[in-house]
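Chemist: A structural model of the following input is requested.
(chains A and B)
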2 protein chains.
Amino acid sequence: MKNYAKTNIGNESRTELHEKLSLTGAEVSINQLPTGASVPFVHSHKNNEEIYGIISGKGKALIDDEEIELTTGDWLKVTPAAKRRFFAADDSEITYICIQVKENSLGSFTADDAVMH
Amino acid sequence: MKNYAKTNIGNESRTELHEKLSLTGAEVSINQLPTGASVPFVHSHKNNEEIYGIISGKGKALIDDEEIELTTGDWLKVTPAAKRRFFAADDSEITYICIQVKENSLGSFTADDAVMH
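Modeler: Numbering: from 1, shown residues only, chains lettered A, B, ... in the order given. Next comes the predicted model:
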C-alpha cells in the first residue's frame, strides 16, 4: 500500500473522498449549497458520528427540529441517531465538510498514538 | 448524551476539537502555519490514519522524504507509518484540517449507514 494519496476537490457541489483517497477510517465529503438551497431530505445514522465544519458562507442546521445557526469557522458534532438537515442562508451560499466516522472507534490519539522521529 | 455539540474555531494557530465537541470517532484539528513556517518535527502514527485538507494558502508536505506540493482544495490521506512534516510556502500561509481516525475502523457508511426520514 502506498504511504499517501492526494486529490484536489475542484469546484463540484459535492465531492466524496472515500474512494478517491482509499480512506479506511472515515468518509469525508465537501459540500456546497447555493444561496437559498437545502439538502432535500432528513437523515440520521445507524452507527456513524458526523462532524461538520463550515468552510465558507452561512446557513443553518435542523437537528431533531432544533434550529442551529451556522457560519464560517463553526464545527458541529452530531450523534448517530439525531435527525439532521442542512440549509444555506437566504443571502449566502454555504460550503461545509462532513466527516463520517464510526461512533466510539477512536482509541489513542495525538501524543498517545504518535511516534516522533 | 446531547444530540449535538457546536464550537467556533476563531483564529487560533491550532484548534483541537476532540474535547470541545466530545468526539468519539476522530480527532480533528485546524492548523495555521504563517508564511515560511513549518511544523518543527517529523512524526508518524501507531494506529491512526490521517486525512489532511488544505483550506487556504499553500505549502508542501514531506512524506517519507517525498515532497508533495499542497494548495487550497487539496486533500491528502497519509497511512499511519508514513513519516510526515508540513510546511507553509515561502510566499503564503497555509491553513489545513487534520482528521485523525483509527485505520480500518469505518464499517458501512453513507447510504449503507443512513436512515431516511
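Chemist: For the residue nearest the centre of chain A, list each beta-bridge partner.
Modeler: For chain A, A:Cys98 is the residue whose C-alpha lies nearest the centre (Cα atoms, centre = their mean; 0.8 Å). Note on A:Cys98: beta-bridge partners by DSSP bridges are A:Ser29, A:Tyr52.
Chemist: Quick check: closest non-adjacent residue to A:Ser105.
Modeler: B:Ser105 (3.9 Å; Cβ to Cβ, 6 or more residues apart in numbering or on different chains). (C-beta placed from N, C-alpha, C; glycine too.)
Chemist: Let me know whether A:Glu16 touches A:Leu23 as I believe.
Modeler: No: A:Glu16 lies out of contact with A:Leu23 (Cβ atoms under 8 Å); the separation is 9.6 Å.
Chemist: Which of those two has more residues huddled nearby?
Modeler: Using other Cβ atoms under 10 Å in any protein chain shown, the more surrounded residue of A:Glu16 and A:Leu23 is A:Leu23, with 23 against 19.
Chemist: Kindly format the C-alpha coordinates of stretch A:74-85 as CSV.
Modeler: Output of stretch A:74-85 as CSV, limited to C-alpha atoms (Å, rounded to 0.1, in the frame of the first residue of the first chain):
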residue,chain,number,x,y,z
ASP,A,74,-18.3,26.7,13.1
TRP,A,75,-17.8,23.0,13.8
LEU,A,76,-20.7,20.7,14.8
LYS,A,77,-20.6,17.1,16.1
VAL,A,78,-23.9,15.2,15.5
THR,A,79,-24.7,11.9,17.3
PRO,A,80,-25.7,9.0,15.0
ALA,A,81,-29.4,8.9,15.9
ALA,A,82,-30.1,12.6,15.6
LYS,A,83,-32.2,13.6,12.6
ARG,A,84,-30.4,16.3,10.6
ARG,A,85,-31.0,18.6,7.6
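Chemist: That stretch: which residues count as buried?
Modeler: Buried positions in stretch A:74-85, judged by neighbour count with 16 or more other Cβ atoms under 10 Å in any protein chain shown: A:Asp74, A:Trp75, A:Leu76, A:Lys77, A:Val78, A:Thr79, A:Pro80, A:Ala82, A:Lys83, A:Arg84, A:Arg85.
Chemist: So the third one: helix, strand or coil?
Modeler: Reduced to three states with DSSP: H, G, I helix; E, B strand; the rest coil, the structure at A:Leu76 is strand.
Chemist: Quick check: it touching B:Asn3?
Modeler: No: using Cβ under 8 Å, A:Leu76 is not in contact with B:Asn3, being 10.8 Å away.
Chemist: Is stretch A:31-46 in proximity to chain B?
Modeler: Yes: Stretch A:31-46 reaches chain B (Cβ under 8 Å from any Cβ of the partner chain) through A:Phe41, A:Val42, A:His43, A:Ser44, A:His45, A:Lys46.
Chemist: Quick one: buried ones out of the residues you listed?
Modeler: Buried among the residues of stretch A:31-46 next to chain B (16+ other Cβ under 10 Å): A:His43, A:Ser44, A:His45.
Chemist: Format the residues you listed as TSV; extra columns: pLDDT and secondary structure.
Modeler: Formatted as TSV, those follow (pLDDT from 0 to 100; DSSP: H, G, I helix; E, B strand; the rest coil):
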residue	pLDDT	secondary structure
A:His43	97	strand
A:Ser44	98	strand
A:His45	98	strand
